[in-house]
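[1] Just the structure for this:
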Amino acid sequence: MLAERFIDIIGADFYTGVPDSALRGLCDCLYDRYGTDGRHHLIGANEGNCAAAAAGYHLATGKLPVVYMQNSGEGNIINPFASLLSEKVYGIPVLFVIGWRGEPGIHDEPQHILQGEKTLTLLEALDIPYKIISRETSEEELLLYLGELKSCLMEGRQAAFVIRSGALEYSRKVKYTNTYTLTREEAIRLITAVTGDDPVIATTGKAGRELFEIRESLGRDHSRDFLTVGSMGHCSSIALGVALNTGRKVWCIDGDGAVLMHMGAMSVIGAQSPPNLVHIVINNEAHESVGGMPTSAGNTDLAAIAAACGYRNTCRVQTAEELSEALAEAKGSGVLTFIEVCTAIGARADLGRPTTSPAENKAAFMSHLKSI
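    All right, here's what the predicted structure looks like:
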């Protein structure tokens, strides 16, 4: 089904969400129509944030909002669903559009397997009626589904469309760019040149994939690196837990979308202020791993936020030379450090994925920590 027809048939005036590759057609179409104007389309920091913004929209207009997400975001909406949206509390109608990663029977990455198995189970546990949309779903069927869901929405309840991969298509491929020239892969290569045998915790998405391939190209094993293949927004907390329990320098390679998703972690890190932690945020102002739609990080001074949270040494860099200088300073520093690295959007077309399993990665990483 064409994404533009899906939007037209639903007839909503407000969409908010966190981008997802399974919803790429929908996300591109929304961006083409509305950009990120806030009144019609708002890209949130996390799915719970979006559910709350949708509630605000309904309170102000009385209309039905739509919240889109990858199915991994179901966990982030449980609290605002149960304690805000539910008809047992305020009764705020919301239509959820959920990209179904890890659908049973379809190959996907390890971090999506359990979530894919439990996607429908979670909706059923929350008493959220749903309809599955596939490539074969016709416009007539979509209208019929909306009619079936209309009564519960009018009662102040919530409903969901679960979108199978490839179900929504958009004819135009939207390309997202920024003005920076330093690539993420070049930045990570500079980081690995400095970290040596120190443990490195990398965020989910292309950063971890590039780190893996850089180690391969250097003929080195991957025991130094913990590749956070899921748990978006939590790699800095993992790094904190490691840093508080080892005497070695610990390096965290984070992303702008991830750090925005659970920014409270920065306050906790700053309060603990481990002197052996270096928190690096690669900021390309985009959710690149799921299509490249913009984050709000282009309007956010992450280094200033880190300083306000208690990081002792903070900086923002844009070039390889600036990054190399900041990394050398961090290597010799004895204080909690934050480096924001502004990079271009984009990755090699032939970028692969880790060839080791998460369990193998965990075992090798723990063995390395014990040996240093």
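[2] List the buried residues in the helix or strand encompassing residue 25.
    According to DSSP states H and E, residue 25 maps onto helix 24-34. Residues 24-31, 34 are the ones in helix 24-34 that count as buried (16 or more other CB atoms under 10 Å). For the C-beta atoms, the positions are set from N, CA and C on the backbone; glycine is no exception.
[3] for stretch 299-306, same thing?
    By neighbour count on 16+ other CB under 10 Å, the buried set for stretch 299-306 is 300, 302-303, 305-306.
[4] any low-confidence regions in the protein?
    Residues of the chain meeting the criterion pLDDT under 70: none.
[5] From the centre of it, point out the most distant residue.
    Distance from the centre of the chain peaks at residue 140, with 33.4 Å (CA atoms, centre = their mean).
[6] Just the C-alphas of the helix or strand hosting that residue, formatted as PDB.
    Element membership for residue 140 (DSSP H and E) is helix 139-154. Output of helix 139-154 as PDB, limited to C-alpha atoms (Å, rounded to 0.1, in the frame of the first residue of the first chain):
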ATOM      1  CA  GLU A 139      -7.500   0.200   0.800                       C
ATOM      2  CA  GLU A 140     -10.900  -1.300   1.300                       C
ATOM      3  CA  GLU A 141      -9.600  -3.600   4.000                       C
ATOM      4  CA  LEU A 142      -7.900  -0.600   5.700                       C
ATOM      5  CA  LEU A 143     -11.200   1.300   5.700                       C
ATOM      6  CA  LEU A 144     -12.900  -1.800   7.200                       C
ATOM      7  CA  TYR A 145     -10.200  -2.100   9.900                       C
ATOM      8  CA  LEU A 146     -10.600   1.600  10.800                       C
ATOM      9  CA  GLY A 147     -14.400   1.100  11.100                       C
ATOM     10  CA  GLU A 148     -13.800  -1.900  13.400                       C
ATOM     11  CA  LEU A 149     -11.500   0.200  15.600                       C
ATOM     12  CA  LYS A 150     -13.600   3.300  15.600                       C
ATOM     13  CA  SER A 151     -15.800   2.400  18.500                       C
ATOM     14  CA  CYS A 152     -13.000   1.800  20.900                       C
ATOM     15  CA  LEU A 153     -11.300   5.000  19.900                       C
ATOM     16  CA  MET A 154     -14.500   7.000  20.400                       C
END
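[7] tell me which strands and helices that helix is in contact with?
    The helices and strands touching helix 139-154, judged by 3 or more CB pairs under 8 Å, 6 or more residues apart in numbering; DSSP states H and E, are helix 3-10, strand 130-133, strand 158-163.
[8] what's the following helix or strand after the first one?
    Spelled out, it's helix 3-10. strand 15-17.
[9] Could you name the helices and strands sitting against that following strand?
    Against strand 15-17 (3+ CB pairs under 8 Å, 6+ apart) you get helix 24-34, strand 41-43, helix 47-61, strand 66-70.
[10] Okay, buried residues for stretch 181-199 please.
    Using 16+ other CB under 10 Å as the test for burial, stretch 181-199 gives 182-192, 194-195, 198-199.
[11] List the buried residues in stretch 144-151.
    145-146, 149.
[12] Kindly report the same for stretch 105-116.
    Within stretch 105-116, the residues scored as buried using 16+ other CB under 10 Å are 108, 111-113, 115-116.
[13] okay if I get the residues you listed as a markdown table plus secondary structure?
    Putting the buried residues of stretch 105-116 into a markdown table (DSSP: H, G, I helix; E, B strand; the rest coil) gives the following:
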| residue | secondary structure |
| --- | --- |
| 108 | coil |
| 111 | helix |
| 112 | helix |
| 113 | helix |
| 115 | helix |
| 116 | helix |
